[in-house]
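Asks: sharing a sequence plus its predicted fold:
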Amino acid sequence: MNASQPPRSDVVDVVEVRDLVVRYGAATALDNVSLRVAPGEMVALVGPNGAGKSTLVNTLTGILTPASGSVEVRARIAQVPEGRQMFGDLTVDDNLRLGAWQLRGRGESRRKQRDTSWVYELLPDLVRVRDRKAGGMSGGQQQMVAVGRALMSRPEVLVIDELSLGLAPLIVADLAEHLTELNREQGTAVVLIEQNARLALDLCSRAYVLEAGRIAAEGDSADLAASPDIARAYLGEAQALPAPPDAQDDPGPHDPGPRDRAMADPAPTPGTAGTARGNQDTAVQAARAATREAK
Amino acid sequence: MSDFLVYLITGLGTGCGIALIGSGLVLIHRVTRVVNFAQGTFAVVGALTAISLLDTGLPHGLSEVLGVAVAAVVGLLVGVIAIGRRGTSPQAALMVTLGLGILAYAVEVMLWGDQGRSSEGLSGAVTVFGARIQTHYLLIIGVTAAVFAALAGLFGRTDAGKALSACSSNPYAARVVGISVTRMGLIAFAIGGALGGLAGVLLAPMNSMAFDSDVALIINGFAAAVVGSMHHIGRTLAGALFLGVAEAMVAGYGSATYQTVVALGLVLALMIGQAARTHSVVAEAG
Ligand SMILES: Nc1ncnc2c1ncn2[C@@H]1O[C@H](COP(=O)(O)OP(=O)(O)OP(=O)(O)O)[C@@H](O)[C@H]1O
Ligand SMILES: [Mg+2]
């Protein structure tokens, strides 16, 4: 399969969403959303907190049901859910194996499907902890387990609800590389939700911008990245940011604004992450970068 | 000495009955997070069904197996009502099982009357170190050992067991990986029903069974399950055997009047101890 080529228009899309409406009770979370993913394509889904990104992917994987519109998924789909979602009292290895639960092979092929060794090759940090309870792992380790668990189902479409959540920059870069590799070698299509919009647009060839339950923009990543509106809202073009007074500078670890999060590059280094300000400000930046990493 | 052996073996026999009740509670809780207060009812239904079938002339063995099967169906029904609707909270489901247990009284009295009945167990006795032990106790102990070995194997070694545990560990994640949480819960209720029925048919020769026998069974079984934190198979078995032997010793050397009182005292102590431990774990996590 030649997945690195841009998708051809005559192939059938693996995911096709038309005029999707999803409601939580009376509240409309998605309003007339249409989206498609071609085989072997990497698509980014960006947008502020509460835009409806998680709602959209949960509808793709059948966990939520649409109020109207159509969702067609024509390939095996797997999800790295928002917030890691471990089976806390099972071991890391058990978590991974359950990723293959839906694969119904028999005999030898079943044994192969349940074999987790290739995931450890991909995520070597997990080898040491394979027999420990997943609930006792660090946030980053759990995120790796969540990615590995999704891969265990050998998906043709992999949906990732926040790749970089809680991961050290180096590991994010590593995972991003693995994703590209998986995409290139096995033709796995990827739908990537990522607060780090720069990373998402770099990795994916096409992107959708979701705002308040609607598609606000879509197109080639390069075009979107070049658009001034998008750049200002999601890529955190540093010069454009007014320097807020320090007292209300830090939004706190629990609710980073979209802009603040989007600014966190995969490798935030003190000094380059923000504007060139005075010495004390650089110290504040460094401290903030450190807290971000500690998370 | 031979008295002691007799008390010990009968205590272990009773303890195994308690363990079977507790195992059903643990199994159902481990999959659904529901404390199933209808667990004692499964035992009563299983036992009374088997006794009725024996009365109609069906042979031993077949009658008991059918009793267990009927209990499994009742378990499934309780499951459908308690957790069949998606989104029912474990607390709400617990209330449903409690209500169904009481409703079952009416049905049982209609079908079998309100008098206690018992069946003939395995006849005969063997002599061990000079103590005469009824063969039926050995049967109970053997069956219980097999059931607990199977449960430990299921949860410890098989993917199906891991998937069952996953349902209560994180129901959302279970759905994400494609495990049907409701179906798994119903399977747990059906197996739980069978385990309760098994306890009933095995205990019926030793204690007579009436519609309200479930209270004593659930109190003891619940205590054992609490020792196992409603989760651990091995610790549930240990707790149940301890309770059974303690009751037999009190009845043997003291007085049968205090048997239940002592057992309840132990239950209370265990539950308080358990609560303190759970609290400290939560405090650590918070
Ligand atoms: N379980 C729920 N019940 C009610 N409303 C919900 C629920 N989940 C999400 N919402 C609402 O739906 C909207 C979209 O939420 P969603 O989680 O899809 O956003 P998101 O784009 O994933 O945000 P984030 O970047 O913070 O993860 C929000 O307004 C949210 O308040
Ligand atoms: Mg989200």
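Replies: Sure, I can see it. Ligands and ions are numbered 1, 2, ... in the order given.
Asks: quick one: low-confidence ranges for the stretch 151-286 of chain B?
Replies: Applying pLDDT under 70 to the stretch 151-286 of chain B flags residues B:264, B:267, B:274, B:278-286.
Asks: repeat that with 90
Replies: B:205-208, B:212, B:214-216, B:219-220, B:223, B:226-230, B:242-243, B:246-286 (pLDDT under 90).
Asks: helices of the stretch 1-150 of chain B, start to end?
Replies: Assigned by DSSP state H, counting those that start in this stretch, the stretch 1-150 of chain B shows helices spanning B:2-32, B:39-55, B:62-83, B:90-112, B:135-157.
Asks: OK, contacts around the residue in the stretch 151-286 of chain B positioned nearest to ligand 1?
Replies: For the stretch 151-286 of chain B and ligand 1, the shortest gap (C-beta to the nearest ligand atom) falls at B:Tyr172, measuring 10.6 Å. C-betas here are computed from N, CA, C, even on glycine. Neighbouring residues of B:Tyr172 by C-beta atoms under 8 Å, 6 or more residues apart in numbering or on different chains: A:Ile63, A:Pro81, A:Gln85.
Asks: what sits against the last one?
Replies: The reference is to A:Gln85. So A:Gln85 contacts A:Ala146, B:Asn170, B:Tyr172, B:Ala173, B:Val176 (C-beta under 8 Å, 6+ apart).
Asks: same question for the first one.
Replies: Applying C-beta under 8 Å, 6+ apart, we find A:Ile63 in contact with B:Tyr172, B:Arg175, B:Val176.
Asks: mind checking pLDDT for it?
Replies: At A:Ile63, the pLDDT value in this model is 92.
Asks: confirm that it sits in a helix.
Replies: No: the assignment for A:Ile63, made by DSSP: H, G, I helix; E, B strand; the rest coil, is coil rather than a helix.
Asks: buried set for stretch B:195-215?
Replies: Residues of stretch B:195-215 classed as buried: B:195-207, B:209-211, B:213-214 (neighbour count, 16 or more other C-beta atoms under 10 Å in any protein chain shown).
Asks: same check, this time on stretch B:96-114
Replies: B:Val96, B:Thr97, B:Leu100, B:Gly101, B:Ala104, B:Tyr105, B:Glu108, B:Trp112.
Asks: shouldn't B:Phe37 be in contact with B:Ile218?
Replies: Yes: assessed by C-beta atoms under 8 Å, B:Phe37 is found in contact with B:Ile218 at 6.4 Å.
Asks: pretty sure B:Asp48 sits against B:Gln115.
Replies: Quick fix: residue B:48 is Leu, not Asp. No: in this structure, B:Leu48 is not within contact of B:Gln115 by C-beta under 8 Å, at 10.9 Å.
Asks: how about the helices in the stretch 101-250 of chain A?
Replies: Under DSSP H, counting those that start in this stretch, the stretch 101-250 of chain A gives helices at A:107-114, A:117-122, A:139-151, A:169-186, A:197-203, A:221-226, A:228-230.
Asks: returning to that earlier point: beyond the helix or strand that contains the residue of the stretch 151-286 of chain B closest to ligand 1, next helix or strand please.
Replies: For B:Tyr172, the element it lies in under DSSP states H and E is helix B:171-176. Following helix B:171-176 in sequence order, the next helix or strand is helix B:181-203 (DSSP H and E).
Asks: can I get the CA coordinates of the helix or strand just after that following helix in CSV?
Replies: Note on helix B:181-203: by DSSP H and E, the next helix or strand toward the C-terminus is helix B:214-227. The C-alpha coordinates for helix B:214-227 follow below in CSV (Å, rounded to 0.1, in the frame of the first residue of the first chain):
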residue,chain,number,x,y,z
ASP,B,214,-31.5,-16.2,52.5
VAL,B,215,-31.0,-13.8,55.4
ALA,B,216,-28.6,-16.0,57.3
LEU,B,217,-26.9,-17.0,54.0
ILE,B,218,-26.4,-13.5,52.8
ILE,B,219,-25.1,-12.2,56.1
ASN,B,220,-22.4,-14.9,56.3
GLY,B,221,-21.7,-14.7,52.6
PHE,B,222,-21.5,-10.9,52.6
ALA,B,223,-19.1,-11.0,55.6
ALA,B,224,-16.8,-13.4,53.7
ALA,B,225,-17.0,-11.2,50.6
VAL,B,226,-16.1,-8.1,52.7
VAL,B,227,-13.0,-9.9,53.9
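Asks: ok, which residues in chain A are in contact with ligand 2?
Replies: A:Lys53, A:Ser54, A:Glu82 (C-beta under 5 Å from the ion).
Asks: now do the contacts for the residue nearest to B:Ala47 when sequence neighbours are not counted.
Replies: Excluding its sequence neighbours, the residue lying closest to B:Ala47 (C-beta to C-beta, 6 or more residues apart in numbering or on different chains) is B:Gly200, at 3.5 Å. Contacts for B:Gly200 (C-beta under 8 Å, 6+ apart) come out as B:Phe42, B:Ala43, B:Val44, B:Val45, B:Gly46, B:Ala47, B:Leu48, B:Ala50, B:Gly67, B:Ala71, B:Met209.
Asks: distance of B:Gly200 relative to B:Val74?
Replies: From B:Gly200 across to B:Val74, the span is 11 Å (C-beta to C-beta, to the nearest Å).
Asks: counting neighbours, what do you get for B:Ala150?
Replies: 12 (other C-beta atoms under 10 Å in any protein chain shown).
Asks: kindly apply the preceding question to A:Ala26 instead.
Replies: What A:Ala26 shows, counting by other C-beta under 10 Å, is a neighbour count of 5.
Asks: now A:Ser70
Replies: Around A:Ser70 there are 11 residues (other C-beta under 10 Å).
Asks: and it, how far from ligand 1?
Replies: Distance, A:Ser70 to ligand 1, by C-beta to the nearest ligand atom, to the nearest Å: 19 Å.
Asks: show me what contacts that residue?
Replies: Taking C-beta under 8 Å, 6+ apart, one finds A:Glu16, A:Val17, A:Arg18, A:Asp19, A:Leu20 in contact with A:Ser70.
Asks: including secondary structure and pLDDT, could those residues go into CSV?
Replies: Formatted as CSV, the contacts of A:Ser70 follow (DSSP: H, G, I helix; E, B strand; the rest coil; pLDDT from 0 to 100):
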residue, secondary structure, pLDDT
A:Glu16, strand, 96
A:Val17, strand, 96
A:Arg18, strand, 95
A:Asp19, strand, 96
A:Leu20, strand, 96
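Asks: tabulate those (TSV), appending distance to A:Asp89 and neighbour count.
Replies: Output for those, formatted as TSV (distance: C-beta to C-beta, whole Å; neighbours: other C-beta atoms under 10 Å in any protein chain shown):
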residue	distance to A:Asp89	neighbour count
A:Glu16	38	16
A:Val17	36	21
A:Arg18	41	13
A:Asp19	42	12
A:Leu20	36	23
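Asks: identify the farthest-apart pair in these.
Replies: A:Glu16 and A:Asp19 (11.2 Å; C-beta to C-beta).
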